[in-house]
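Asks: what shape does this take:
(chains A and B)
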Amino acid sequence: GAVVSQHPSRVICKSGTSVKIECRSLDFQATTMFWYRQFPKKSLMLMATSNEGSKATYEQGVEKDKFLINHASLTLSTLTVTSAHPEDSSFYICSASRQGLYEQYFGPGTRLTVT
Amino acid sequence: DQQVKQNSPSLSVQEGRISILNCDYTNSMFDYFLWYKKYPAEGPTFLISISSIKDKNEDGRFTVFLNKSAKHLSLHIVPSQPGDSAVYFCAASGGNTGKLIFGQGTTLQVKP
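Replies: Numbers count the residues shown, from 1 in each chain, chains lettered A, B, ... in the order given. I've put the predicted structure just below:
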């Protein structure tokens, strides 16, 4: 159990366009989902925490108008990178956790390249 | 301010021997600790965790030790296998936020 999927696995887009990344918990209900970003050879940087049905909580320094997060159901959260620029190119990873549990289960990640 | 630190960026071990990965933290509010394994271009995979009320948790070849007074935890893998070669992240959580704070990761290479 505890399988999390992400779609797409990789995406290339032009500067100025928007990209949506989906994160789904396949076999459990995720009360909380997290979005991370990983730079090459760096640790995972938490971008935001989203609880189903409420607004996401963004970490300091993360632009909420640029990285739109929607957590419409207990199995789906989406991250939309708006007006993408080359510096937004990165590896984006989501995770999901069950209510009351610390363990987070991660998706396989999405490689975003902005040209 | 790095609240969770993995000071060894890499570790090389011979197959069959013990791998010991270390992690230090600074925030005394952390009450739950986790280890994740990660391959390139993939998401982290949960390995093992430990609550602050314990000092040891074992699962097969993996054992995590917690020394609260030293704010230090370690992951022991024995015997090490070539398939264990990956990046290992420790993470800490506390304060009921559910958020995990990750260390920088240690790249483990197990040589046949």
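
Asks: okay, CA-based contacts and neighbour counts for the rest of this
Replies: OK.

Asks: where exactly do the strands run in chain B?
Replies: Along chain B, counting by DSSP state E, strands occupy B:4-5, B:10-14, B:19-25, B:32-38, B:45-51, B:56-59, B:62-67, B:72-77, B:86-93, B:101-102, B:106-111.

Asks: what's the closest of these to A:Ile69?
Replies: Ranking the strands of chain B by distance to A:Ile69, with Cα to Cα as the measure, places strand B:101-102 first at 20.2 Å.

Asks: can you list the strands that the closest one pairs with?
Replies: Paired strands of strand B:101-102, with direction, are strand B:86-93 (antiparallel) (DSSP bridges).

Asks: stretch A:99-115: which residues count as buried?
Replies: Neighbour counts over stretch A:99-115 (16 or more other Cα atoms under 10 Å in any protein chain shown) mark A:102-114 as buried.

Asks: okay, and which of those map to strands?
Replies: Those of the buried residues of stretch A:99-115 mapping onto strands are A:Tyr105, A:Phe106, A:Thr110, A:Arg111, A:Leu112, A:Thr113, A:Val114, per DSSP E.

Asks: from A:Pro108, how far out is the residue of chain B found nearest chain A?
Replies: Residue nearest to chain A within chain B (Cα to the nearest Cα): B:Gly43, separated by 4.2 Å. Separation of B:Gly43 from A:Pro108 (Cα to Cα, to the nearest Å): 4 Å.

Asks: any common contacting residues for the two?
Replies: The contact sets of B:Gly43 and A:Pro108 overlap at A:Ile93 (Cα atoms under 8 Å, 6 or more residues apart in numbering or on different chains).

Asks: near chain A, which residues of chain B?
Replies: Neighbours of chain A within chain B, by Cα under 8 Å from any Cα of the partner chain: B:32, B:34, B:41-46, B:93, B:98-99, B:101-105.

Asks: rerun that using 7 Å as the cut-off
Replies: B:Glu42, B:Gly43, B:Pro44, B:Thr45, B:Phe46, B:Gly98, B:Phe102, B:Gly103, B:Gln104, B:Gly105 (Cα under 7 Å from any Cα of the partner chain).

Asks: what is the neighbour count of the fifth one?
Replies: As a burial measure, B:Phe46 scores 16 neighbours (other Cα atoms under 10 Å in any protein chain shown).

Asks: over to the first one?
Replies: Around B:Glu42 sit 17 other residues, with neighbours defined as other Cα under 10 Å.

Asks: nearest spatial neighbour of it, skipping sequence neighbours?
Replies: Using Cα to Cα, 6 or more residues apart in numbering or on different chains and skipping residues adjacent in sequence, the residue nearest B:Glu42 is A:Pro108, 4.7 Å away.

Asks: I'd say the one you found and A:His7 touch.
Replies: No - using Cα atoms under 7 Å, A:Pro108 makes no contact with A:His7, being 9.0 Å away.

Asks: check the offset of the worst-scoring helix or strand of chain B on mean pLDDT from the chain's centre.
Replies: In chain B, the helix or strand scored least confidently by mean pLDDT, DSSP states H and E is strand B:101-102, which has a mean of 92. Averaging C-alpha positions (Cα atoms, centre = their mean, to the nearest Å) puts strand B:101-102 11 Å from its chain's average.

Asks: which residues touch B:Glu58?
Replies: Residues near B:Glu58 by Cα atoms under 7 Å, 6 or more residues apart in numbering or on different chains: B:Val64.

Asks: show me what it is bridged to.
Replies: B:Thr63.

Asks: tell me the pLDDT of the closest residue to chain B within chain A.
Replies: Nearest residue of chain A to chain B: A:Pro108, at 4.2 Å (Cα to the nearest Cα). Per-residue confidence (pLDDT) for A:Pro108: 94.
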